[in-house]
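> The sequence and its predicted three-dimensional model are supplied below.
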Amino acid sequence: MKLTLVGAWVVTVLLLGAAMTATASANEPPEWGRCVKVESPKRGVGYTASTCITRAKPTALGKYEWAPAAQPENLRFSGAGGETELKTVGHPTIKCVAANISGEYTGAKTASVTIELQACNNPSSTLCKSPNATATGEILTFPLSAEIGFTRHEEVNGHLVVAVGMDLKPTPPLTALASYECTGEGESAMVEGSVIGKLSPINKMSEATDVAFLVKKTTGLQVPESFQEGPKDTLSTTYANGLETSGPFASTLNIVAETGSNSTPIEIKGLEK
């Protein structure tokens, strides 16, 4: 196929435009990163405050610069939560005494995460365990891929209100988040799909980083179930007994009072002005 000079120019412009759009969206909130103080502030460049929210106007000094999280920095986080419930429609609820969450920021919008549920049992007080776990009663997820996104982004009375979440999904080529079997039941469970936890604090540099996986008591549904204006991201569980399988059945994850910390202060950036 031949391209005229004009045609080639149009194609080039379109390709450049697409690349610029992709770059812009990749550098827009929400994202993980650090607001770093610069040695030589310049007018009209960078940000005016240590939150890296307000860009410097032409007459203002930009004293700070935004550094998106990147894998080579080895920025890590960890946290612990209390009582945890994994509920599945039509099946016994799995209750765990505690949950440990750990991970690493792999980019401005991505992270790798592992969740360890401790002292897990069903209503018969039978302990449940993942094949990849070392301790009885421990349900351990496979390595999970996390993505940051808005769970709320709307203007209220002239002010932009935002909330940010972390969506956990299986890491390809895996198709499940976790698997487990309760002692003596003869049935294994495969937890699939995805789940979103609400992140805090946002819009400030902090060593603290908390993520809440919540279920609404009145409906029994995961909240949130999706990023704003995005597809539904929810959990399901498929059961196997020998060669027979059943499901998937809708599931929810509730982790109470999780609190965490970063290896170094990190900001969950949800705004830019």
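Thanks, I have the structure now. Numbers count the residues shown, from 1 in each chain.
> Strands of the stretch 151-273 of the chain, start to end?
Listed in chain order, the strands of the stretch 151-273 of the chain (DSSP state E, counting those that start in this stretch) span residues 159-170, 176-182, 188-193, 195-200, 205-208, 210-212, 214-215, 222-223, 235-241, 244-255, 259-269.
> hmm, who's touching the first one?
Yep, that's strand 159-170 we're talking about. When contacts are taken as CB atoms under 8 Å, 6 or more residues apart in numbering, the neighbours of strand 159-170 outside the stretch itself are 29-30, 111, 113, 115, 142, 144-155, 176-177, 192, 194-199, 202, 211, 224, 227, 233, 268, 270-271. Where you see a C-beta, it was placed from the backbone N, CA and C, and this is true even at glycine.
> same thing but 7 Å
For strand 159-170, the external contacting residues (CB atoms under 7 Å, 6 or more residues apart in numbering) are 30, 113, 142, 144-154, 176-177, 194-199, 202, 211, 224, 227, 233, 268, 270-271.
> any low-confidence regions in the stretch 1-150 of the chain?
The stretch 1-150 of the chain contains residues with pLDDT under 70 at 1-26.
> Okay, helices next: where are they in it?
Along the stretch 1-150 of the chain, the segments classed as helices by DSSP state H, counting those that start in this stretch run 5-26.
> so what's the most centrally placed residue in the chain bridging to?
The centre of the chain sits closest to M166, judged by CA atoms, centre = their mean, with a distance of 2.0 Å. The residues listed as beta-bridge partners of M166 by DSSP bridges are I148, G197.
> got it, and A189?
Following DSSP bridges, A189 is listed with bridge partners Y180, Y239.
> rewinding a little: pLDDT at the residue nearest to the centre of the chain, what is it?
Turning to M166, the model gives it a pLDDT of 97.
> my read: V223 touches K217, true?
No - checked against CB atoms under 7 Å, the pair V223 and K217 is beyond contact range at 10.1 Å.
> So for these two, which sits in the more crowded spot?
V223 (15 against 8; other CB atoms under 10 Å).
> Show the model's pLDDT score for the more buried one.
Per-residue pLDDT puts V223 at 96.
> Provide a list of residues in contact with it.
With the criterion set at CB under 7 Å, 6+ apart, V223 makes contact with 214-216.
> Out of those residues, which is nearest to T252?
Relative to T252, the closest of the contacts of V223 is V215; by CB to CB it sits at 4.7 Å.
> was I right about the closest one contacting N254?
Yes - in this structure V215 lies within contact range of N254 using CB under 7 Å: 4.3 Å.
> what are the C-alpha coordinates of stretch 73-85, in CSV please?
Below are the C-alpha coordinates for stretch 73-85, written out as CSV (Å, rounded to 0.1, in the frame of the first residue of the first chain):
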residue,chain,number,x,y,z
GLU,A,73,12.8,1.7,43.8
ASN,A,74,11.7,-1.4,45.7
LEU,A,75,8.9,0.5,47.6
ARG,A,76,7.1,-1.9,49.8
PHE,A,77,4.1,-2.0,52.1
SER,A,78,2.5,-4.3,54.7
GLY,A,79,-0.4,-4.4,57.1
ALA,A,80,-2.5,-6.5,59.4
GLY,A,81,-6.2,-6.8,60.0
GLY,A,82,-8.5,-8.4,62.5
GLU,A,83,-11.4,-10.8,62.0
THR,A,84,-11.9,-11.8,58.4
GLU,A,85,-14.9,-13.5,56.7
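> Thanks again, I'm all set now.
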